[in-house]
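**Q** my questions are about this predicted structure, shown below with the sequence.
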Amino acid sequence: MATVLLSGIRKEFGSTVALSDFSLEIESGELICLLGPSGCGKTTALRVLAGFEKPDAGTVIVGGEDITSLPTAQRNFGMVFQEYSLFPNMTGLGNVEFALKLRKAGSAERKETVDRLLEITRLTEHADKFPHQMSGGQRQRVALARALASQPRVLLLDEPLSALDAKVRDSLREEIRRVQREVGVTTLFVTHDQHEALAIADRVGVMSEGRLEQLDPPRVLYERPASAFVAGFVGTVNRMPAEREGDRWRVLNRAVRAQPTVPGAHLALVRPEQIAVDGDAQGDATVSAITFLGPLTRVVVDGPGGSVIADLLTAEFGGVSVGDTVRIRLRDDVSDVVLIEA
């Protein structure tokens, strides 16, 4: 295991600045996700760490060693990408064993390591299958086992689940997290999927235009976004007027505590699950859409301030219909909100 430190990284491609003064520290054994839209620089950051791209400025330090100029092949990193890149003429066992043969490990060591990794990744019964005989999830688990076979200092995963269907993706996401914890390898995971990042990471770094907007544990990121961009990218958020009342702020029906992120802030960031919708003939809003989402029912309400999204527990859903007049309010258990500049 190793601590990773990227410091002051700048990377340009022609006139495009992919990374601007980008810094990131990953603790030994930690799994960090870089999250952001296409073109935000998250994959470039991974490629700089991997050695595929040389930074125009800044340093890359792993385990106390400056590896900024070290070739990729000498960094001893494990890598898993969206494409499985398995050898089609080798079985699952053969693919996993390949990395060990490259470093001339003895037959006993190869067998012990391969057997352990196949067991960890739950591939033992598929060891003798060729890639074309495996499902997408099985192939990606082979790629993961192969990446871990050489006992890498750092594991890099670049959108490894994006080619899989939703059910397999959710299952494999949990497998990757379980294996990472069991092996204890320091890991950088790049994704554009917020649900994936929040579910798998120790900390999530949200990126925008080559910069790290916020790096925090998933719950902190969701509940205390540092900017409007982070709030809007991680989950759904309503921007609602807020008026100061002493040491509190009035949002919808109540005065609540608020945590301004910038001076003079007076828009509240309110999550859909923080809003209640009550049928009320004297209300000032109208239900414009209702969507059943299993345990939640999403209700879109149009009012004087525009559209508001509310996610209600289906089991507690009051049964309002499209076209009904309603009143929206903060749920009784909401005691504070985050404010941003209008």
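**A** Cool, the structure landed. Numbering: from 1, shown residues only.

**Q** which residue is nearest the middle of the chain?
**A** Residue closest to the average C-alpha location in the chain (C-alpha atoms, centre = their mean): Ala197, at 1.8 Å.

**Q** report all helices and strands that the host helix or strand of that residue contacts.
**A** Per DSSP states H and E: Ala197 is located in helix 194-200. With contacts defined as 3 or more C-beta pairs under 8 Å, 6 or more residues apart in numbering; DSSP states H and E, helix 194-200 has these neighbours: strand 31-35, helix 166-183, strand 186-191, helix 218-223. Using the backbone N, CA and C atoms, a C-beta is placed for each residue, glycine as well.

**Q** can you give me the helices in this protein?
**A** Ranges of helices in the chain, per DSSP state H, are 42-50, 92-102, 107-120, 136-149, 166-183, 194-200, 218-223, 228-233.

**Q** wait, which of the ones you listed is closest to Ala127?
**A** For Ala127, the closest of these is helix 92-102, at 4.2 Å, according to C-beta to C-beta.

**Q** for the closest residue to Leu6 other than its chain neighbours, report the pLDDT, please.
**A** Using C-beta to C-beta, 6 or more residues apart in numbering and skipping residues adjacent in sequence, the residue nearest Leu6 is Leu24, 4.7 Å away. Note on Leu24: pLDDT of 96.

**Q** tell me the contacts of Leu24?
**A** Contacts for Leu24 (C-beta atoms under 8 Å, 6 or more residues apart in numbering) come out as 4-6, 32, 34, 45, 205, 212, 215.

**Q** repeat that for Glu83.
**A** Contact analysis of Glu83 by C-beta under 8 Å, 6+ apart lists Ala163.

**Q** what's the distance between it and Ala163?
**A** In this view, Glu83 and Ala163 are 8 Å apart by C-beta to C-beta, to the nearest Å.

**Q** and if you look at Arg239?
**A** Arg239 is 35 Å from Ala163, by C-beta to C-beta.

**Q** same thing with Val60?
**A** Val60 is 28 Å from Ala163, where distance means C-beta to C-beta.

**Q** which one's more surrounded, the two?
**A** In this view Val60 and Ala163 are compared by other C-beta atoms under 10 Å, and Val60 has more residues nearby, 22 against 15.

**Q** so for Ser162, what's the pLDDT?
**A** Ser162 carries a pLDDT value of 79.

**Q** got the contact list for the residue nearest to Ser69 when sequence neighbours are not counted?
**A** Excluding the flanking residues, the one nearest Ser69 by C-beta to C-beta, 6+ apart is Lys54, at 7.5 Å. Contacts for Lys54 (C-beta under 8 Å, 6+ apart) come out as 48, 68-69.

**Q** surely Thr297 meets Ala315?
**A** No: in this structure Thr297 lies outside contact range of Ala315 using C-beta atoms under 8 Å: 9.5 Å.

**Q** those two - which one has more neighbours?
**A** Taking Thr297 and Ala315 together and counting by other C-beta under 10 Å, Thr297 has the greater number of neighbours (21 against 8).
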